[in-house]
Structure formats: structure tokens, C-alpha cells
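[1] sequence unknown, structure follows:
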């Protein structure tokens with residue numbers, strides 16, 4: 001069935017629902033961008049104080065917390081865990097890069113890392129694995 005054959009009231013409802021989905025997607029991207037900015041700051045703080053990029057105990061707590069939140073929101077906890085695990089891996093990668101830049105005296109590297117991460121978070125962008133910032137991996 002082509003879109004021209006869909007009942008106009010059904011098409012209007014599809015359009016309304018899809019617009020809502022598009023708005024939610026935009027909000028998710030903006031929230032992730034804010035989260036990434038915060039974790040970039042955490043990465044710089046860790047690098048300045050020679051703290052390790054990963055904090056496995058915090059990551060475990062964050063995953064458990066997110067699974068509980070997902071369950072209370074009627075979202076599959078396993079999906080939520082996979083998402084956070086992906087984000088944590090990306091944060092750790094960023095923190096490792098920031099630490100390397102700090103150790104090698106690359107003063108401009110932090111700003112480039114923050115801007116690069118902001119630009120690389122578009123959904124479906126190849127090579128974005130490991131670019132998201134989190135407080136969990138932070």
C-alpha cells in the first residue's frame with residue numbers, strides 16, 4: 001500500500017506520532033551532548049590528577065542504577081545496560097586520549113577532543129563507538 005492509499009486520518013496520526021518521535025530523538029541527542037561535555041571535564045580532572053580513566057566500581061553501580069530505572073520505566077533493562085556499556089566504553093576512550101594528551105603536553109588537545117566528540121555523536125555516524133561521555137565511565 002502506498003502512502004497515497006492510506007486513509008487521511010491514519011496518515012495524520014502517523015505524522016503526529018512521528019513528529020513526537022523526532023522531537024524525542026532531538027532531546028536525546030541534546031541530553032547526550034550535555035552529558036559528553038560533563039564527562040570531558042571529568043576526563044580533564046582525572047588527567048590533571050593522574051587518576052585512571054576507568055572506575056569499574058562506579059561503572060558497576062551506574063549499570064545497576066540504570067537497569068532499575070529502565071525497569072521502572074518499562075524499558076528492557078538489558079537494552080539499557082547495553083546502551084550504558086557502549087557509552088562507558090566511549091567515555092573511557094576519551095579519558096585515555098585526554099590523559100595521553102596531558103602526559104605528552106598537547107595543551108590544545110583537550111579542546112579538540114571536546115569538539116570532536118560533540119561532532120561525532122550523530123546517530124548512525126560511522127566510527128562513533130567510544131565517543132559518548134558519561135558520568136558512569138567518568
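    Now that the structure is in, tell me what you want to look at. This is a predicted model, so every value here is computed, not measured.
[2] after whichever strand or helix holds residue 64 comes which helix or strand?
    Residue 64 is part of helix 56-72, with elements assigned from DSSP states H and E. Next along the chain after helix 56-72, taking DSSP H and E as the criterion, comes helix 77-103.
[3] for that next one, buried residues please.
    Neighbour counts over helix 77-103 (16 or more other C-beta atoms under 10 Å) mark 77, 80-81, 84-99, 101-102 as buried. Yep, even glycine has a C-beta here, placed from its N, CA and C like the rest.
[4] do stretch 34-44 as well
    35, 36, 39, 40, 42, 43, 44.
[5] show the average pLDDT along it.
    Throughout stretch 34-44, pLDDT has a mean value of 95.
[6] so how far is stretch 6-19 from its chain's centroid?
    Distance, stretch centre to chain centre, for stretch 6-19: 31 Å (C-alpha atoms, centre = their mean, to the nearest Å).
[7] point out where the protein drops to low pLDDT.
    For the chain, applying pLDDT under 70 flags the ranges 3, 107-138.
[8] mind naming the longest helix for it?
    Counting residues, the longest helix found in the chain (DSSP state H) is helix 8-48.
[9] so how far is that one off the chain centroid?
    Distance, centroid of helix 8-48 to centroid of chain: 9 Å (C-alpha atoms, centre = their mean).
[10] kindly report the same for stretch 55-62.
    Stretch 55-62 sits 16 Å away from the centroid of its parent chain (C-alpha atoms, centre = their mean).
[11] now swap in stretch 5-17 and tell me
    Chain-centre distance of stretch 5-17: 32 Å, with C-alpha atoms, centre = their mean.
[12] what's the spacing between residue 25 and residue 82?
    Computed as C-beta to C-beta, to the nearest Å, the residue 25 to residue 82 distance reads 18 Å.
[13] list the buried residues in the helix holding residue 64.
    59, 62, 63, 66, 67, 70.
[14] so which of those comes closest to residue 29?
    Distance ranking of the buried residues of helix 56-72 against residue 29, using C-beta to C-beta, places residue 66 first at 18.5 Å.
[15] just checking, the closest one touches residue 81?
    Yes - taking C-beta atoms under 8 Å as the definition, residue 66 is a contact partner of residue 81 at 6.8 Å.
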